[in-house]
Structures are given as structure tokens and as C-alpha cells.
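Q: Sequence and computational prediction follow.
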Amino acid sequence: MPIITLTTDFGTGSPYVAAMKAVILRTAPDATLVDISHDVPPFDMAEGAFVLWLGTRHFQPGVVHVGVVDPGVGTERRPIAFALDGSFYVGPDNGLFDMVIRESEMVAAAGFEPATTRL
């Protein structure tokens with residue numbers, strides 16, 4: 001069974017959380033959905049990056065981590081999907097995943113330096 005984590009700034013009571021889960025479960029009905037947080041302050045990229053990193057770092061390899069904290073929602077912002085340390089990350093290409101990348105042992109070994117912000 002796939003495990004998919006969700007980190008957003010939608011708010012716990014937002015219908016967007018349910019809508020996102022419905023779309024995921026329609027595609028992957030056997031998935032286990034884990035809510036990391038939906039209470040990241042709206043558009044707070046630094047807090048979102050920290051919550052995403054802290055909340056996902058102890059999962060086993062193979063988990064899909066979805067993050068949506070995007071002050072540019074509705075714009076031409078590019079999506080990003082990548083594999084790192086055996087797990088998968090999906091969300092907007094706006095710096096939300098920079099802390100995950102920066103703290104990765106694999107990235108540190110390669111000497112990669114992620115952008116500090118893409119806002």
C-alpha cells in the first residue's frame with residue numbers, strides 16, 4: 001500500500017483538503033494518507049519548509065510527500081516532482097522543498113546547494 005503525506009496551508013477545516021484527498025484516493029484507492037499539517041500559516045514558505053522537513057524525515061523510503069504552500073497559486077508557477085533518499089516529493093517549484101533537499105545526506109554528499117528562495 002502506498003503512503004502519501006500531505007502538508008498544506010489550506011487550514012484544517014478547508015474543503016480543499018478533502019478535495020485533494022478525494023483526487024488522490026480516486027487514483028490510488030489503497031493509499032494511506034497521512035496529514036503532516038494543514039495549518040501552515042498562509043503562504044509562509046519558511047514555516048512550510050520547516051514543517052515539511054520535520055514531519056517527513058522519519059518516514060521509510062518509498063513514501064510520496066505532497067506539499068502545497070504557494071503564494072503564487074493560480075499563476076504560471078511550475079510544479080516539481082523529484083526523488084530524494086528513496087522518497088518522492090511533489091509540489092510547487094517555489095522553494096518549499098529546499099530544507100528537505102539541504103538536509104538530505106545524499107545532497108550533502110554531492111555538495112549541492114539549493115536556492116534559498118524562489119518567491
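A: On my side now, so go ahead.

Q: going forward, measure contacts between C-alpha atoms and count neighbours the same way
A: OK.

Q: who's in contact with the spatially most central residue of the chain?
A: Among the residues of the chain, the one closest to the centroid is Gly67, at 2.4 Å (Cα atoms, centre = their mean). Under the criterion of Cα atoms under 8 Å, 6 or more residues apart in numbering, the contact list for Gly67 reads Leu6, Thr7, Thr8, Leu52, Tyr89, Val90, Gly91, Pro92, Leu96.

Q: List the contacts of the last one.
A: For Leu96, the residues meeting the contact criterion (Cα under 8 Å, 6+ apart) are Met45, Ala46, Gly48, Ala49, Gly67, Val69.

Q: Which ones among those residues map onto strands?
A: Residues from the contacts of Leu96 lying in strands, with DSSP state E as the criterion: Gly67.

Q: Of all pairs in the contacts of Leu96, which one spans the longest distance?
A: Ala46 and Gly67 (12.8 Å; Cα to Cα).

Q: Distance-wise, check the residue nearest to the centre of the chain relative to Thr56.
A: Between Gly67 and Thr56 the distance, using Cα to Cα, to the nearest Å, works out to 11 Å.

Q: and what of Glu76?
A: The value you get for Glu76 to Thr56, if Cα to Cα is used, is 27 Å.

Q: Could you do Pro15 as well?
A: If you go by Cα to Cα, the gap between Pro15 and Thr56 works out to 23 Å.

Q: Could I get the full set of strands for this protein?
A: Shown for the chain, the strands assigned by DSSP E span residues 3-8, 32-37, 64-68, 79-84, 87-92.

Q: Quick check, Val90 in contact with His65.
A: Yes - counting by Cα atoms under 8 Å, Val90 does reach His65; the two are 6.3 Å apart.

Q: If anything else comes up later, I'll come back, but that's it for now.
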